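A.B. asks: With the sequence up front, the predicted model follows.
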Amino acid sequence: MNDKIVFFDIDGTLLDHNKEIPKSTKEAVRRLQEKGIHVAIATGRAPFMFEDIRKELNIHNYVSFNGQYVVFEDEVIYKNPLHPDALHDFAKFSEQEGYPLVYLNHKEMKATVTSHHYVTESFASLHMDHPTFEPSFFEEREVYQTLVFCKAGEEEKFINDYAKFHFIRWHAYSMDIIPMGGSKAKGIEKYIEKLGFTREQVYAFGDGLNDLEMIEAVGTGIAMGNGHEDLKKLANYVTKDVAEDGILHGLQWAGLL
């Protein structure tokens, strides 16, 4: 086994603008695996939301929920759920203010509303349906990530009032809520500990604001051409757009292929 590992974000990185995996990306991942290089996914998504991608690419390593649920060779090596008391308080606030929530664990997700335009629009961007209604979902389960639905700017009303939470906007109508201090970088640290790797042996590809810590933490951080400008400033290299063989081009630049 090679002494390197490459982490790939999903949306806008492994998946193109049509939510499909480019042919060149499939081939690039296969070639990495043939060379014995560890391949992993690092995403804000829940595990059940990218099971099909893992199967298609034969990937058994992943950092999910932006670092809160980490799996190596199909075994969980780290879990960091949201604090239940803080989540209970935020649920009460959100209900009073009319902000829908969606709770996620590693197997499923449930919403606090039966139907809402913001929820429908946000999930449509992931090619997913509005989650089903179960407002008490978080009370008897570990929740690793919660989504709050509000317009950009509205979060200023509450973002500083919940010290145990880190809020990351991923859609005009939605934000991720993860434990304060949590990030893809924290999840990747668990791999470095597990494999005994140095930072220099770790590579990562991303495009969004939830990739900032990851790109900065690894030895070689590569931003997609379609990525956020703030991410490009931190990256060691900016590759081509995801739809223009960006993954393949970036791996070739890094000398991995």
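C.D. replies: Okay, I see it.

A.B. asks: Tell me the spacing between the residue of the chain most remote from its centre and residue 213.
C.D. replies: In the chain, counting by C-alpha atoms, centre = their mean, residue 96 sits farthest out from the average C-alpha position, at 28.7 Å. According to C-beta to C-beta, to the nearest Å, residue 96 and residue 213 sit 32 Å apart. Using the backbone N, CA and C atoms, a C-beta is placed for each residue, glycine as well.

A.B. asks: what do you get for residue 22?
C.D. replies: The value you get for residue 22 to residue 213, if C-beta to C-beta is used, is 26 Å.

A.B. asks: Give me the distance between residue 175 and residue 143.
C.D. replies: 15 Å.

A.B. asks: ugh, wrong one, residue 177
C.D. replies: Residue 177 sits at a distance of 9 Å from residue 143 (criterion: C-beta to C-beta).

A.B. asks: So for the two, which residue has more residues nearby?
C.D. replies: Set side by side, residue 177 and residue 143 show more neighbours around residue 177, with 26 against 22, by other C-beta atoms under 10 Å.

A.B. asks: Which parts of this protein are helices?
C.D. replies: For the chain, the helices defined by DSSP state H cover 23-34, 51-57, 84-97, 117-124, 184-195, 212-217, 229-234, 246-253.

A.B. asks: now for these, which one comes closest to residue 75?
C.D. replies: When those are compared by C-beta to C-beta, helix 184-195 sits nearest residue 75, at 9.9 Å.

A.B. asks: what ranges do the strands span in the stretch 151-257 of the chain?
C.D. replies: 165-171, 174-179, 202-206, 220-223, 237-238 (DSSP state E, counting those that start in this stretch).

A.B. asks: And for stretch 112-120, what's in contact with it?
C.D. replies: For stretch 112-120, the external contacting residues (C-beta atoms under 8 Å, 6 or more residues apart in numbering) are 91, 94-95, 100-103, 111, 130-131, 133, 135, 149-151, 173-174.

A.B. asks: Among the residues you listed, name the buried ones.
C.D. replies: For the contacts of stretch 112-120, a neighbour count by 16 or more other C-beta atoms under 10 Å gives the buried set as 91, 94, 100-103, 111, 130-131, 135, 149-150, 173-174.

A.B. asks: ok, the residues you listed vs residue 73, which is closest?
C.D. replies: For the buried ones among the contacts of stretch 112-120, the nearest to residue 73 is residue 103 (27.9 Å; C-beta to C-beta).

A.B. asks: just checking, that closest one touches residue 90?
C.D. replies: No. Taking contacts as C-beta atoms under 8 Å, residue 103 lies outside contact range of residue 90: 10.9 Å.

A.B. asks: which residues are common contacts for those two?
C.D. replies: In contact with both residue 103 and residue 90: residue 146, using C-beta under 8 Å, 6+ apart.
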